[in-house]
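Enquirer: The following block contains a protein sequence and its predicted model.
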Amino acid sequence: CLPYSHGSQGCCSYHRSHLTRHFKEPVMAATSSFTEGASVFGGQPNLLQGLNTVFTTYNPDIVAVHTTCLSETIGDDIPQIVGEARSQGLIPDGKFVIHANTPSYVGSHVIGFSNMCVAMAKYFATAVDTSRRRSTDKTQVNIVPGFVDPSDMRELRRLAESMGLRVSMFPDTAGVMDAPQTGKHVFYPDGGTTVEELKNLGRGVATLGLGWFASREAAVEVENRAHVPRELLDLPIGVAATDRFLEVLRFRGGTITADIERERGQLVDLIVDTQLHFQGKKVAIFGDPDHVLSLTEFCRDLGMIPVHILTGTPGKQFDRRAKEILGTKFEQTNVKRDSDLFLLHQLIKNEPVDLLLGNTYGKYIARAEDIPFVRVGWPILDRAGHSLLPTLGYNGAVRLVSRMLDALLDRRDRDAPDHEFELVL
């Protein structure tokens, strides 16, 4: 699949550079390269020429067109243009062009991601006759993983497959955005979701949408088109959310193995061993809404006090779910949606915290206010390894607890006077 940005070159360059800096992998994409003429008279000629060039030169199976502010503002009709391209023979037989409307002035990047997931389901998901299913066939579950790293997608697949289930995950960047170094560039790395998998989403017994904001609409689309029931869950960060994820898989035909129980027990043991360092600590959490909500629940379960939780994505569901998680402490917590880091900085100045969780952009607040900072979510532009080490599942939670504990104890060591500088904490 080759992403295609229908707009100016600058939009495509920004997307590619930001994704490349986060994943530390080359991100390929094409663009309609709008100029003043396209801005006035429309981008149809650019898209037609672009599709012809892409299929002729790069030969992808799918071109995924996403719009930009400019093409949305002038009102380009993407389905009509794609239809014209097909009538002119610019799209080879057996190839596909899908599209999603993703202007940056609507919602956030999470909404754009959700819209493209919906497009994948809209163009490919169909009802499938499962009456001829053999008793030896594995039960299939569909998973919309949310806007997470390839390491997280790989972890979700590992958990589900270890329970004896067949997994159809879309999208799936594992094997693409965490490809190994072989000394040879591969334009289309092994990995990802196949066209055949998308066409067979109807074989699933359920579609699990992980994260209300990033995954709900795609799960609903699969249900409407392929008649596969949806299950909407939080991102499985921490004990409780991962328990709910695995319980749904068990209900849908999976078996919780001894290895999974062992992983859970190790996480619980780590939490018990370190809980005294987390109890009563104040935390501020920001980032994508699905991450923020799951992190808030996890911090609550560690005994921490979420003081400020903030996302730049609009949507009243953020407040509703935060209230369910925080319960009676909701009114004492600054819960902000469709907000920015300037506001978060002011909130922290008024009510300081012991720990800050969020993406790389939080480093400026952490430095200004001298707060321990743990990078989690997207984007992480100044560190490496997050594409290989998961945050989701029990194993991901072990890593997260360890990083949070290191940040708190490093600060304790730094500030301790000589007579309190302990070898053992």
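Expert: Right, received. Where do you want to start?

Enquirer: who touches stretch 82-96?
Expert: With contact meaning Cβ atoms under 8 Å, 6 or more residues apart in numbering, stretch 82-96 is reached by 44, 47-48, 51-52, 55, 60-63, 65, 97, 99, 123-124, 195. C-beta: built from backbone N, CA, C; applies to glycine.

Enquirer: Let's test this: mean pLDDT of that stretch, rounded?
Expert: Throughout stretch 82-96, pLDDT has a mean value of 95.

Enquirer: what does stretch 198-215 give?
Expert: Mean predicted confidence for stretch 198-215 is 96.

Enquirer: Pull out the buried positions in it.
Expert: By 16 or more other Cβ atoms under 10 Å, the buried positions in stretch 198-215 come out as 198, 200-215.

Enquirer: Ends of stretch 272-288, what's the gap?
Expert: Stretch 272-288 has its terminal residues 29 Å apart, counting by Cα to Cα, to the nearest Å.

Enquirer: Contacts only, for the most centrally placed residue in the chain.
Expert: In the chain, the centroid-proximal residue (Cα atoms, centre = their mean) is Phe147; its distance is 1.0 Å. Contacts here follow Cβ under 8 Å, 6+ apart; on that basis Phe147 touches His109, Val110, Phe113, Gly211, Ala214, Asp288, Asp290, Trp378.

Enquirer: In ChimeraX, select just the buried ones from the residues you listed.
Expert: This is how ChimeraX selects the buried members of the contacts of Phe147, with burial counted by 16+ other Cβ under 10 Å:
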select :109,110,113,211,214,288,290,378
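
Enquirer: want to try a markdown table for the contacts of Phe147, with distance to Gln9 and secondary structure as columns?
Expert: Formatted as a markdown table, the contacts of Phe147 follow (distance: Cβ to Cβ, whole Å; DSSP: H, G, I helix; E, B strand; the rest coil):
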| residue | distance to Gln9 | secondary structure |
| --- | --- | --- |
| His109 | 19 | helix |
| Val110 | 24 | helix |
| Phe113 | 22 | helix |
| Gly211 | 32 | coil |
| Ala214 | 27 | helix |
| Asp288 | 27 | coil |
| Asp290 | 31 | helix |
| Trp378 | 24 | coil |
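
Enquirer: Pick out the most distant pair among the contacts of Phe147.
Expert: Largest separation among these by Cβ to Cβ: His109 and Gly211, giving 13.3 Å.

Enquirer: Strands of the stretch 51-200 of the chain, start to end?
Expert: 62-67, 96-100, 140-144, 166-169 (DSSP state E, counting those that start in this stretch).

Enquirer: Distance to Thr182 and mean neighbour count added to those, as JSON lines?
Expert: Below are the strands of the stretch 51-200 of the chain laid out as JSON lines (distance: least, Cβ to Cβ, whole Å; neighbours: other Cβ atoms under 10 Å):
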{"stretch": "strand 62-67", "distance to Thr182": "24", "mean neighbour count": "23"}
{"stretch": "strand 96-100", "distance to Thr182": "28", "mean neighbour count": "21"}
{"stretch": "strand 140-144", "distance to Thr182": "28", "mean neighbour count": "27"}
{"stretch": "strand 166-169", "distance to Thr182": "24", "mean neighbour count": "20"}
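
Enquirer: wait, which of these is closest to Val220?
Expert: Across these, Val220 has its closest neighbour in strand 140-144 (10.1 Å, Cβ to Cβ).

Enquirer: How about exporting the closest one as PDB, limited to the C-alpha atoms?
Expert: What follows is strand 140-144, C-alpha atoms only, in PDB (Å, rounded to 0.1, in the frame of the first residue of the first chain):
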ATOM      1  CA  GLN A 140     -11.100 -15.500  13.800                       C
ATOM      2  CA  VAL A 141     -11.300 -12.200  15.600                       C
ATOM      3  CA  ASN A 142     -10.800  -8.800  14.000                       C
ATOM      4  CA  ILE A 143      -8.800  -6.200  15.900                       C
ATOM      5  CA  VAL A 144      -8.600  -2.500  15.200                       C
END
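
Enquirer: Run me through the strand neighbours of that strand, direction for each.
Expert: Strand 140-144 pairs in its sheet with strand 166-169 (parallel), strand 207-210 (parallel), by DSSP bridges.

Enquirer: gap between Val228 and Ala179?
Expert: Using Cβ to Cβ, to the nearest Å, we find Val228 at a distance of 30 Å from Ala179.

Enquirer: Between these two, which is the more surrounded one?
Expert: Higher neighbour count among Val228 and Ala179: Val228, with 24 against 19, using other Cβ atoms under 10 Å.

Enquirer: For the helix or strand of the chain with the lowest mean pLDDT, name the packing helices and strands.
Expert: The weakest-scoring helix or strand in the chain, judged by mean pLDDT, DSSP states H and E, is helix 36-41 (a mean of 83). Applying 3 or more Cβ pairs under 8 Å, 6 or more residues apart in numbering; DSSP states H and E, we find helix 36-41 packed against helix 69-74.

Enquirer: Can you pull out the residues in contact with the helix it packs on?
Expert: Residues from elsewhere that reach helix 69-74, judged by Cβ under 8 Å, 6+ apart: 6-8, 11, 32, 34, 39-40, 42-43, 101, 103-105.

Enquirer: So which of the residues you listed is the closest to Val401?
Expert: Using Cβ to Cβ, the contacts of helix 69-74 come closest to Val401 at Ser104, 35.0 Å.

Enquirer: hang on, isn't that closest one packed against Val110?
Expert: No: Ser104 sits out of contact with Val110 when judged by Cβ atoms under 8 Å, with a separation of 11.8 Å.

Enquirer: Tell me which residues touch Thr102, please.
Expert: His66, Thr67, Thr68, Ile111, Gly112, Asn115, Met116.

Enquirer: and the fourth one, what pLDDT?
Expert: According to the per-residue confidence, Ile111 scores 95 in pLDDT.
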